[in-house]
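S.K.: no sequence on this one, just coordinates:
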C-alpha cells in the first residue's frame, strides 16, 4: 500500500508539473516571446517529465532537405552538427525519417535498428541508445520539423510518453505558427509602408 501511495503521489506531481509546463509555454506564446525562448521552455518541460532524457527540437531548413537543431538539452556540438547533416528522406535515421514521412518513429534500441547504421559510430560514442521522434506540424498540417528524445539506454515509450511527444510537438507547432504569422504581418506592413513612402501619388490597393 505504501508503494502504491508513493507511486500515486509521484504520478500526480508529474501531471501537475506537465500542466504547469504547458501553461507556461502557452503564456509565452500569447505574450509574444521569441521563438527560441518558447522552444527552450518546451525542452525544460520535457526534461521535467523524462529525467535523463536528451530532448531536441529540429526544424526543417528552408529550401533544403536537412534539419537543424533549434533547441535541445545540453549536448556536444558534434551531435548537433551530425544530426543536421542527415538528409530528410525515407530510410534515413529515425528522426529524419519521421520528418520525411510525417509519421512518428520509435526506435527502442539504435544498436539493433538498421536505419541508424550510418550514425552507429556517433550513437556508440555518445550512448544514444534509443530515439523517439514525433513530427512537428503547422496548422496546414505541413511538416515543420521533428521533436526527438534520446536516452542512453534502450527504452520503449509508455502511453503517457507518447502523449507527451504529441503535446510537445503540438506546442512547438503553435509557437512556429504564431512566429510566422507575426513575421508575415510585419513584412506586409513594411511592403505597404515602402509603397507609400516611394510614391508621390496616393496608391489604391484593392483587397
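M.R.: Thanks, I have the structure now. Quick caveat: nothing in here was measured; it's all calculated off a predicted structure.

S.K.: can you count the residues close to residue 122?
M.R.: Number of residues near residue 122 (other CB atoms under 10 Å) recorded here: 17. Any C-beta I mention is one placed from the backbone N, CA and C, and that applies to glycine too.

S.K.: The closest residue to it other than its chain neighbours: neighbour count?
M.R.: Closest residue to residue 122 apart from its sequence neighbours, by CB to CB, 6 or more residues apart in numbering: residue 82 at 5.3 Å. If you count neighbours by other CB under 10 Å, residue 82 ends up with 18.

S.K.: cool, the one 5 residues further on as well?
M.R.: A total of 15 residues lie near residue 87 under the criterion other CB under 10 Å.

S.K.: Could you check how far the nearest residue to it once chain neighbours are set aside is from residue 104?
M.R.: Spatial nearest neighbour of residue 87, excluding adjacent residues (CB to CB, 6+ apart): residue 65 at 5.4 Å. Going from residue 65 to residue 104 by CB to CB, to the nearest Å gives 20 Å.

S.K.: Show residues contacting stretch 43-50.
M.R.: 14, 17-18, 21-22, 24-25, 53, 55-57, 71-73, 149, 161, 164, 168 (CB atoms under 8 Å, 6 or more residues apart in numbering).

S.K.: Verify the stated contact: residue 39 with residue 55.
M.R.: No: shown here, residue 39 and residue 55 do not form a contact pair, counting by CB atoms under 8 Å, at 10.3 Å.

S.K.: burial of residue 21, as a residue count?
M.R.: 22.
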